[in-house]
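Asker: sequence and predicted structure, then a few things I'm wondering about:
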Amino acid sequence: MTGLTAAALAVVAVLAMQAASAKEDAGPAQRPAPAAGGSAAPGTGGEKAEQVADPKALPAGSGDGKRVVYSLESDRVWLVDEEENVTRTFKVTPGTVDPLPGSYTVTSRSANITGSDGVPVENVVRFALHEGVVIGFSAATSGETAEPDPSKKTGGIREGRKDGKAMWLFATLDTKVVVLP
C-alpha cells in the first residue's frame, strides 16, 4: 500500500511540473489573440490554428495614445485612453457609406440634430467625408439602431444611447479616430 501511495504522489508531482511548464510557455495572459481566421501554429507544418480571437479585444495595429478605434469588419468601437486602457467597447450599426481605413480626427460635434436618414439623433461625433457623405457616430433619440435604408447614402454610424453618451464625453474635437478594415 505504501508503494502505491508513493507512486501516486510521484505521478501527481510530474503532472504538476508539466502544468507549470506549459503555463510558462504560454506567456502572459494579455498576449494579443491571433487575427480572425487563425494563424499557423508553431510546429504544425502551417495548418491553421483553431483559435477564436476575443471579439472585444483591441485589434492590433490600432495606433497609440487616446483614440477611438472603429473596425469596419466587426462593426465594433473601442474607446482607448492615454494609458492604452480600453474604457469601453460596443457594437455599432454602420450607415451605407463607410469611411476608408486610416487615421482621422474628430472635426465637429452636435448635441441634437436630424440625421441624413431623417431620424432625430444625439451626441453626433463627425470625423470623415467619403463619397460626398459626412461620416460620424450618433445615437437615435429613440434608442433604435436599425439597419439603414440601402437606397440612401448615409454616413451615420449608429450606437445605443448609453454608448453614444460615452462617445460624446470621450471624443472631443481633435480626438484621434482610427478606422480599421
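Answerer: Received the coordinates, thanks.

Asker: helix/strand/coil for D163?
Answerer: Following DSSP: H, G, I helix; E, B strand; the rest coil, we place D163 in the helix state.

Asker: neighbours of it, just the number please.
Answerer: For D163, the neighbour count with other C-beta atoms under 10 Å is 21. C-beta here means a position set from N, CA and C on the backbone, and glycine is covered the same way.

Asker: where does this protein dip in pLDDT?
Answerer: 1-52 (pLDDT under 70).

Asker: what about the longest strand in it?
Answerer: Scanning the chain for the strand with the most residues, using DSSP state E, yields strand 120-130.

Asker: quick one: list the elements packing against that one.
Answerer: Strand 120-130 sits against strand 102-105, strand 108-114, strand 133-140, helix 161-170, strand 176-180, with contacts defined as 3 or more C-beta pairs under 8 Å, 6 or more residues apart in numbering; DSSP states H and E.

Asker: now these in JSON lines, with distance to S62?
Answerer: Formatted as JSON lines, the helices and strands packed on strand 120-130 follow (distance: least, C-beta to C-beta, whole Å):
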{"stretch": "strand 102-105", "distance to S62": "10"}
{"stretch": "strand 108-114", "distance to S62": "22"}
{"stretch": "strand 133-140", "distance to S62": "16"}
{"stretch": "helix 161-170", "distance to S62": "15"}
{"stretch": "strand 176-180", "distance to S62": "5"}
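
Asker: give the contact list for P59.
Answerer: By C-beta atoms under 8 Å, 6 or more residues apart in numbering, P59 lies in contact with V69, S71, W78, L180.
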